[in-house]
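[1] build the 3D model from these lines:
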Amino acid sequence: MVATRILFLVLLCGGAALGQLVDKDFAPTVTATCKAGHMTIKVVTSQNYVGTVHARDFRTSNCMAVGNGTTTTSLELNLLAAKGARDYCGVLVNNKADERSVPIAVRIHKTLELADDKFYVITCGKAGFKNARNETALVNLALIDRDRPVYEAVYGHTYTLRASISRPDGSYGINVKSCFAFNKQNKTELIDDQGCPLPGGVISRFRYNENLGVADATLYSMFRFQDSNEIHFQCDLAVCKGACPEPKCDGQSKALTDESAEQNGGLLASTNVFVLEPGQPSSETHSCCFIFYEPV
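    Numbering: from 1, shown residues only. Sure thing, here's the model as predicted:
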């Protein structure tokens, strides 16, 4: 079983020729990874590159990288920036498909626009794997109240953090680990890299149901960071053929794991919620539940 990476690179034709400076052999290789609310784009060229990689229509310092004369150029974009913010780079949000896309220009020249410039749309979507029926099963993370996902949570209330598989067939299980909550300025660990909650933490261990394809943990009391009412949750999901062994935590944030089960990891799932004060009316207008992941 191989974890699949669902990340689309769509090459768009076009570009305004503003001169005769054209590189007929310009064929960059573009790859990207999405993690913790950021997209990292890597452009590899066959020759030393001194052009510009930028989000289309956003040639600002936060949305642009200039080649330094090597064959590799990297650009990191903030996928969570609000429109109008200094680090907003024109991210397109598709809440229905749980995807975020960024149009990217890879230009031969630092300042000129040429006919052979390359344009891409890079999309971060849900992470998935092939189940026993050869279907692509997607992983998801959600905050649950009364068995329904919520996108606004009340400060101090109890919720369930649920990781799930979209098409459970009983052949694969999931092991949830490395969970943390974050926003632009803060980050706090909830579950360690072995699948154990931190001592004195605000969350329980995950309990697994392979037949339903879900793993649930109790968030004892909804919290928030001081500088924002928005919180993002992210977990690393390992997929096992058969039931994943549950970590045997010794109370010191260590796990005694059973290494006999085959695990395939690297799938990342995340969701975001807005934290309300008790009694504060709900708006239910926030975007939510987008998925980021990195390749195995």
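[2] from here on, contacts and neighbour counts on C-alpha atoms
    OK.
[3] does anything pack onto the longest strand along the chain? Which helices or strands?
    Ordering each strand of the chain by length in residues (DSSP state E) puts strand 263-276 first. Under the contact criterion of 3 or more Cα pairs under 8 Å, 6 or more residues apart in numbering; DSSP states H and E, strand 263-276 touches strand 3-4, strand 136-145, strand 152-154, strand 230-241.
[4] how many neighbours does A243 have?
    Residues near A243, counting by other Cα atoms under 10 Å, number 20.
[5] related to what we said a few turns ago, list the neighbouring strands of the longest strand of the chain plus their orientation.
    Paired strands of strand 263-276, with direction, are strand 152-154 (parallel), strand 230-241 (antiparallel) (DSSP bridges).
[6] and this protein, what are its domain boundaries?
    3-124, 128-276 (automatic domain parsing).
[7] most tightly packed of the ones you listed?
    Across the domains of the chain, the average number of neighbours (mean count of other Cα atoms under 10 Å) peaks for domain 128-276, which reaches a mean of 19.
[8] if we can go back for a sec, what's the closest of the strands paired with strand 263-276 to V43?
    strand 230-241 (26.3 Å; Cα to Cα).
[9] dump the closest one to CSV, restricted to CA.
    What follows is strand 230-241, C-alpha atoms only, in CSV (Å, rounded to 0.1, in the frame of the first residue of the first chain):
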residue,chain,number,x,y,z
GLU,A,230,-8.7,31.2,15.2
ILE,A,231,-7.0,27.9,15.9
HIS,A,232,-5.6,25.3,13.5
PHE,A,233,-5.3,21.6,14.4
GLN,A,234,-2.9,19.3,12.6
CYS,A,235,-2.1,15.6,13.0
ASP,A,236,0.2,13.1,11.3
LEU,A,237,-1.7,10.0,10.2
ALA,A,238,0.1,6.7,9.7
VAL,A,239,-1.9,4.1,7.8
CYS,A,240,-1.5,0.4,8.7
LYS,A,241,-2.5,-2.7,6.8
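[10] for that strand, what does the pLDDT average out to?
    Averaged across strand 230-241, pLDDT comes to 85.
[11] same deal with stretch 27-36?
    pLDDT averaged over stretch 27-36 gives 78.
[12] equivalent analysis for stretch 124-142, please.
    Rounded mean pLDDT across stretch 124-142 is 70.
[13] distance across that stretch, terminal residue to terminal residue?
    18 Å (Cα to Cα, to the nearest Å).
[14] same check on stretch 77-84?
    Chord length of stretch 77-84, first to last residue, is 15 Å (Cα to Cα).
[15] who's in contact with it?
    37-40, 62-63, 87-91, 100 (Cα atoms under 8 Å, 6 or more residues apart in numbering).
[16] and of these, the nearest to T71?
    Top of the list for closeness to T71, among the contacts of stretch 77-84 and by Cα to Cα, is T40 at 16.4 Å.
[17] who does the closest one form a beta bridge with?
    With DSSP bridges as the rule, T40 is bridged to T33, E76.
[18] for it, which residues are in contact?
    If a contact means Cα under 8 Å, 6+ apart, then T40 has 32-34, 74-77 as its contacts.
[19] go again with 6 Å.
    By Cα atoms under 6 Å, 6 or more residues apart in numbering, the residues touching T40 are 32-33, 75-76.
[20] which regions of the protein lie under the pLDDT threshold?
    1-25, 36, 96-98, 125-132, 134-137, 251-266, 284-296 (pLDDT under 70).
[21] still on that earlier bit, distance to Q47 added to the helices and strands packed on strand 263-276, as TSV?
    As requested, the helices and strands packed on strand 263-276 are exported to TSV (distance: least, Cα to Cα, whole Å):
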stretch	distance to Q47
strand 3-4	30
strand 136-145	38
strand 152-154	49
strand 230-241	37
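[22] the ones you listed: which one's closest to T218?
    strand 136-145 (9.5 Å).
[23] what is that closest one packed up against?
    On a contact count with 3 or more Cα pairs under 6 Å, 6 or more residues apart in numbering; DSSP states H and E, strand 136-145 meets strand 128-130, strand 159-165, strand 263-276.
[24] 10 Å - rerun?
    strand 3-4, strand 128-130, strand 148-149, strand 152-154, strand 159-165, strand 214-219, strand 230-241, strand 263-276 (3 or more Cα pairs under 10 Å, 6 or more residues apart in numbering; DSSP states H and E).
[25] between these, which one is nearest to K187?
    In terms of Cα to Cα, the element of those nearest to K187 is strand 230-241, at 9.3 Å.
[26] and the helix or strand following the closest one, how far out from the chain middle?
    Along the chain past strand 230-241, the next helix or strand (assigned with DSSP states H and E) turns out to be strand 248-249. Centroid separation for strand 248-249 versus its chain: 27 Å, with Cα atoms, centre = their mean, to the nearest Å.
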